[in-house]
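> mind looking at a prediction? Sequence and model below.
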Amino acid sequence: MEDKQDKFLEEWASGAGIEFENDEVKAAYQYRTNLIKDAIQLKKTPDRVPVMPLAFWAPIDLYNITPKDAMYDTDVLGQAFVDYSIDYAPDATGIPPMISHGPTFDILKYKMYKWPGGGLRDDLTYQYVEDEYMKVEDYDHLIDDPSDFFWRKYLGRAFGALEPFADMAPLYGSVEITLVNSFLCSVGTPPMQEALEALKQAGKTNFDWICKLLPYMGKIVSSGFPMFAGGATKAPFDYLGDTLRGTTALMMDMYRRPEKVLAACERLTPIMIKNGIAEAKANGNPIVFIPLHKGADGFMSDKQFQKFYWPGLKTVMDGLIEGGCVPCCFVEGGYNERLDYLGDFPKGKVAYYFDKTNMAEARKKLEGKACIGGGFPISQILKGTPDEVERGTKELLDTAAGDGGYILGIGCAMDEAKEDTLKRFIQVGKEYGKY
């Protein structure tokens, strides 16, 4: 039987359906994507390791653009990522829509974040406002009916303009003619009409934004540079803790109502799988980015990790593999105590991008099992000299590259960077990271 993941990787690496500027650019795209594909599949490529720093706000910083301008001027945002891709030539580049669109947040009165132009200075990147957007009494609602919970509870708490959604009657009340009136009346109230108008306006604004941004993304890819991921999802525990219960509340829930935490994670697991696969297929890129937040060393005990975190994450990753995608975990913090878990998948089917994990141990534990990446400290890019970066890059390659299955990267999603050190990092990776 044909392997779904192999087929998806081959299709992505071929560049099928992309209108490239010329045959030379097409060959460059295929070269880069095949470097990444071979690293994931633990093949010793005939050339070198792929170089893939995760560029988030860094393209904005490198071209002296304020975060506010990036969030409110689509042309500025798109052109910055085009320029970054061409000028720095990484083997996989950043994803412009990850910056998000300020006017959309303004319309919806987004409460979960502050952003430049929305409560923060123009030169700051957006910041999460932690709160209990899901109350403790909502566990059963989430577990029984996630869609109804999100429509009638979560949206109004996350977006000030959508607070009237809390008074909307359940959608199930619309199935019989005698009950339709009650449902429609709840939708027809003046506050609800205002909320629906805000949602309509925000949707149109965001649609126009992405339509304006798409040509820049097309320019990046048609110039030979793949995006570093096609979709994203989360470990169920992180999804529950990051933007639903909040960190503090979830930590207490682990002791006070562990059965509810486990049931909620189990209910969210298939949703995480479907979301990741859907995004990857829509974008034609099999790599699904999974930022790992609350399972790091020191955040919870190993016993808690086994009980609350790992089962859901593993099931999500297994589901993505089954769906033909490549789970690529951004392993934030340190996973020095968790490395043995990470090899529990079929050979060459997953990738890990490390932050503060010991790369020598990661290579030792995951050799022949999984692709590893990252590990270079952002502090050297920001504070080091080009020569120091060169030495550090060579040391990392000597430690982690092994005989294949490594992607050279920086151990964070870069918000800032320096031109001379980042270019040296990429250059050394390409020249020294040969097999």
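Noted; the coordinates are in hand. Numbering: from 1, shown residues only.

> for stretch 338-349, which residues meet the burial criterion?
Under the neighbour-count criterion of 16 or more other C-beta atoms under 10 Å, stretch 338-349 has 338-339, 341-342, 345, 348-349 buried. (Glycine included, C-beta is placed from N, CA and C.)

> next one: stretch 193-213 to chain centre, how far?
Chain-centre distance of stretch 193-213: 23 Å, with C-alpha atoms, centre = their mean, to the nearest Å.

> tell me where the stretch 301-435 of the chain has helices.
302-304, 310-322, 339-342, 359-366, 378-383, 386-400, 419-432 (DSSP state H, counting those that start in this stretch).

> closest to Q41 out of the ones you listed?
Between Q41 and the helices of the stretch 301-435 of the chain, the shortest gap by C-beta to C-beta is with helix 310-322, which sits at 12.6 Å.

> re earlier: out of the buried residues of stretch 338-349, flag the one nearest to E431.
Nearest member of those to E431, counting by C-beta to C-beta, is G348, at 26.2 Å.

> do you know how far Y29 is from E390?
When distances are taken as C-beta to C-beta, to the nearest Å, Y29 and E390 turn out to be 27 Å apart.

> lowest-pLDDT helix or strand in the chain?
Among the secondary structure pieces of the chain, namely its helices and strands, helix 177-188 has the lowest mean (mean pLDDT, DSSP states H and E), a mean of 88.

> hang on, isn't Y63 packed against A80?
Yes - checked against C-beta atoms under 8 Å, the pair Y63 and A80 is within contact range at 5.2 Å.

> neighbour-wise, which of these two wins?
Taking other C-beta atoms under 10 Å, Y63 and A80 do not tie; A80 has more neighbours (26 against 16).

> for the nearest residue to the more buried one once chain neighbours are set aside, what are its contacts?
Counting by C-beta to C-beta, 6 or more residues apart in numbering, the nearest residue to A80 once its immediate chain neighbours are dropped is P59, at 4.6 Å. Taking C-beta atoms under 8 Å, 6 or more residues apart in numbering as the contact definition, P59 lies against 80-81, 83-84, 94.

> just L240 next, same as before
134, 250, 261, 264-265, 268.

> can you select the buried ones from those in PyMOL?
Command for PyMOL, covering only those of the contacts of L240 found buried under the criterion 16+ other C-beta under 10 Å:
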select buried, resi 134+250+261+264+265+268
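
> so which of the contacts of L240 are in helices?
Restricting those to those inside helices, with DSSP state H as the criterion, leaves 250, 261, 264-265, 268.

> the closest residue in space to Q304 that isn't next to it in sequence: how many residues sit nearby?
Of all residues beyond its chain neighbours, the one nearest Q304 is M254 (6.6 Å), with distances taken as C-beta to C-beta, 6+ apart. The number of residues packed near M254 is 16, by other C-beta under 10 Å.

> which strands or helices does the helix or strand hosting M254 pack on?
Using DSSP states H and E, M254 sits within helix 247-256. Under the contact criterion of 3 or more C-beta pairs under 8 Å, 6 or more residues apart in numbering; DSSP states H and E, the helices and strands touching helix 247-256 comprise helix 258-283.

> and the next helix or strand past the helix it packs on?
strand 287-292.

> can I get the contacts of L240 in a markdown table with pLDDT and distance to Y216?
Shown next, in a markdown table, are the contacts of L240 (pLDDT from 0 to 100; distance: C-beta to C-beta, whole Å):
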| residue | pLDDT | distance to Y216 |
| --- | --- | --- |
| M134 | 98 | 36 |
| L250 | 97 | 38 |
| V261 | 98 | 41 |
| A264 | 98 | 39 |
| C265 | 98 | 37 |
| L268 | 98 | 33 |
